[in-house]
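Chemist: need coordinates for the following:
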Amino acid sequence: MTAPRVRACALVVLLAALTALLAPVASAHESTPVGVQRIELSLGARTLALTITAPPEGGGRMPVVVLPRGEALPGDVTLAAVRPGEDPATAPVVVPAAPVGQPHEVVLTADGVGAWEIAVADGSTIARIPITVAAPAPTPRWVWAVRIGAVLGVVALIAALAPSVRQRPRLALALGAAAIVGLTIAATAVATAPATSTAATTAATPAAAPVDPAAVPAGGHAGHGGGAMPDMRGMSATDVPADMPAMGPGAVVVTARTGPGAQAGAPTDLELDLTDGSTGAVVDDLTIHDDALIHLAVIGPDGQLAHVHPVRTAPGRYVVRVQPATGGRYGVFAEMERAGDGGHQVARTAFDVAGPAAPAIPAAPGAGVRQVAGMDAEVTTPAAVAGRPTRVSVAFTRRGGAPVTDLQGWLGMAGHLMLLGPGLSGVPDPADPASAFGHVHDMSAAGPAGTYGPQVGFDYTFPRAGRYALWVQVQRDWQIVTVPVTVDVAAAAAPTP
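Modeler: This is a model prediction of the structure:
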């Protein structure tokens, strides 16, 4: 092989080595993964699902996809990226009214690092979603070692192969040794580089005070359960009966109040204030979990469930619109996660609504077939025994008998099961702190078309004997379908002496 060909082959090998060495550097530092976060909002009478693509480190473009669910309502909503507490009217981006299920993308800009809010306004309420834009990370030392070593090695080796240098053996040998040292430094730096991970820049507010967790209550897979009051994590209330046990440090206290003159049959805004049970400070460190900052279950004296997602309007303050069907006392169960070591918590409270009391209503049926939302829902509930896992499943078919396979994922899951256990009276009572609350998910994988069905299933361990009210929820045609179920749980047999 001639000398020019030898030099050409050497150059090709060197360029390939340089590419292999520098490629991991670009992947680790320059091509920062972009975080994508979904969040569901119950904004006034609207239900919106937002998909937020976080801006890069240092700030920049922030695409947000808005998907309306539930009912189509007239009027526009506006979005804006603002600093905390800033008026979003300064630079709003209009999201025109669209049919349910039709997404619309807008592009916001966060032009600096630190705390920001995505303000979503419907003309009467402004939801403020907290995010944090990270500062550009400094280049690690090992990256500089890779860059400098690779460049030194390649340049030295190319120089050593030059014809004029090859005529001077000592100089060529020195340059060759320098090339080997440089490439060795680069390869060693790549091999010993620490594993790097870049967190998404969408985040809630600062880290929370640590929580002293109570014993994990009975529950099901992929969900959150609450036992009777002594076993519930973070359970607190300021307006439920006074026999509720004391809270541990870091537990969230939720205070609920309705708008003035709240009446049965009329919509009203329910405001929630969050404070820390140990310090009394405002709690504003919630993180998005399962596509929401707060998952709120509002259960009425008539046995009706509203599963909604309040919007943050100010630090520690959330609001959601509800429409009580009857007068009486309503139980409120708020699921949330605090940043840092705060962990998952379920806080409960209650509020009263004026108006005629709910008439005595029969319990929802148990196992068997019932009609709901144009479908036949067949509920299967094996004999339930306290302390033992029980499988609750619902199979959906069309009225003609064909299986339903177009269920849509909601909050990232195929289905949800919420339940309320027996109170002191032996039946589920949302205002009784002795009634256990649970929330379980079906985490089945979607089918080839990205949909679910015909069956959803949930595993749950009922903490004690008695009657439980269950609500199975799925999404179809962008509407939430709720199947009420009653389960009577038997006591476990006493051990044989």
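Chemist: all strands for the stretch 301-450 of the chain, in order.
Modeler: 305-308, 311-314, 317-322, 328-338, 343-353, 368-372, 375-380, 384-385, 389-398, 415-420, 437-442 (DSSP state E, counting those that start in this stretch).
Chemist: residues contacting residue 335?
Modeler: 224, 294-297, 344-346, 439 (Cβ atoms under 8 Å, 6 or more residues apart in numbering). C-beta here means a position set from N, CA and C on the backbone, and glycine is covered the same way.
Chemist: quick one: residues in contact with stretch 357-369.
Modeler: 300-303, 325-328, 376-381, 467, 469-470, 484-488.
Chemist: pull the distance from it to the chain's centre.
Modeler: Counting by Cα atoms, centre = their mean, to the nearest Å, stretch 357-369 is centred 32 Å from the centre of its parent chain.
Chemist: kindly report the same for stretch 272-288.
Modeler: Using Cα atoms, centre = their mean, the offset of stretch 272-288 from its chain centre is 18 Å.
Chemist: let me know the average pLDDT across that stretch.
Modeler: The average pLDDT within stretch 272-288 is 95.
Chemist: all numbers from here: first residue = 53
Modeler: Fine by me, first position is 53 from now on; the one you just mentioned is stretch 324-340.
Chemist: quick one: residue 425 from residue 141, how far?
Modeler: 39 Å (Cβ to Cβ, to the nearest Å).
Chemist: ok, those two, which is more surrounded?
Modeler: residue 425 (15 against 12; other Cβ atoms under 10 Å).
Chemist: what's near enough to touch the spatially closest residue to that one that is not a sequence neighbour?
Modeler: Spatially, and ignoring its direct neighbours in sequence, residue 425 is nearest to residue 533 (4.5 Å; Cβ to Cβ, 6 or more residues apart in numbering). Counting by Cβ under 8 Å, 6+ apart, residue 533 makes contact with 424-425, 427, 525-527.
Chemist: can you pull out the low-pLDDT segments for the stretch 403-549 of the chain?
Modeler: Where the stretch 403-549 of the chain drops to pLDDT under 70, the residues are 547-549.
Chemist: kindly recompute the last result at 50.
Modeler: Using pLDDT under 50 as the threshold, the predicted model of the stretch 403-549 of the chain has no low-confidence range.
Chemist: for stretch 392-409, buried residues please.
Modeler: Residues 394-403, 405 are the ones in stretch 392-409 that count as buried (16 or more other Cβ atoms under 10 Å).
Chemist: of all these, which comes closest to residue 152?
Modeler: residue 405 (28.7 Å; Cβ to Cβ).
Chemist: how about the closest residue to the closest one other than its chain neighbours, what does it touch?
Modeler: By the measure of Cβ to Cβ, 6+ apart, the closest residue to residue 405 outside its immediate chain neighbours is residue 376, 4.3 Å from it. By Cβ under 8 Å, 6+ apart, the contact set of residue 376 is 314-317, 320, 352, 382, 405, 407.
Chemist: just send those residues back as a markdown table, with distance to residue 150 too.
Modeler: What follows is those, written out as a markdown table (distance: Cβ to Cβ, whole Å):
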| residue | distance to residue 150 |
| --- | --- |
| 314 | 31 |
| 315 | 32 |
| 316 | 33 |
| 317 | 30 |
| 320 | 27 |
| 352 | 32 |
| 382 | 32 |
| 405 | 33 |
| 407 | 35 |
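Chemist: can you tell me which of those residues are buried?
Modeler: Counted by 16+ other Cβ under 10 Å, these give 314, 316, 320, 352, 382, 405 as buried.
Chemist: can you give me the strands in the stretch 203-352 of the chain?
Modeler: 276-277, 304-310, 320-328, 347-351.
Chemist: now the shortest one: average pLDDT?
Modeler: Just to be clear, that refers to strand 276-277. 49.
Chemist: which parts of this structure are helices?
Modeler: Per DSSP state H, the chain carries helices over the ranges 55-77, 193-212, 215-218, 221-243.
Chemist: which single one of the contacts of residue 376 is nearest to residue 502?
Modeler: So of the contacts of residue 376, ranked by how close each gets to residue 502 (Cβ to Cβ), first place is residue 352, at 34.3 Å.
Chemist: burial count for residue 170?
Modeler: Each residue near residue 170 was counted by other Cβ under 10 Å, and the total is 22.
Chemist: wait, it touches residue 106, no?
Modeler: No. Counting by Cβ atoms under 8 Å, residue 170 sits too far from residue 106 to count as a contact (10.7 Å).
Chemist: shared neighbours, these two?
Modeler: Common neighbours of residue 170 and residue 106 (Cβ under 8 Å, 6+ apart) are 114, 183.
Chemist: about what we covered before: can you list the strands of the stretch 203-352 of the chain in JSON lines and add distance to residue 95?
Modeler: Below are those laid out as JSON lines (distance: least, Cβ to Cβ, whole Å):
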{"stretch": "strand 276-277", "distance to residue 95": "24"}
{"stretch": "strand 304-310", "distance to residue 95": "18"}
{"stretch": "strand 320-328", "distance to residue 95": "11"}
{"stretch": "strand 347-351", "distance to residue 95": "14"}
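Chemist: nearest to residue 147, of the ones you listed?
Modeler: Across the strands of the stretch 203-352 of the chain, residue 147 has its closest neighbour in strand 320-328 (21.8 Å, Cβ to Cβ).
Chemist: now for the closest one, which elements pack on it?
Modeler: Under the contact definition 3 or more Cβ pairs under 8 Å, 6 or more residues apart in numbering; DSSP states H and E, strand 320-328 sits against strand 304-310, strand 369-374, strand 380-390, strand 395-405.
Chemist: and which of the buried ones among the contacts of residue 376 is nearest residue 160?
Modeler: residue 320 (31.4 Å).
Chemist: nearest spatial neighbour of that closest one, chain-adjacent residues omitted?
Modeler: residue 314 (4.2 Å).
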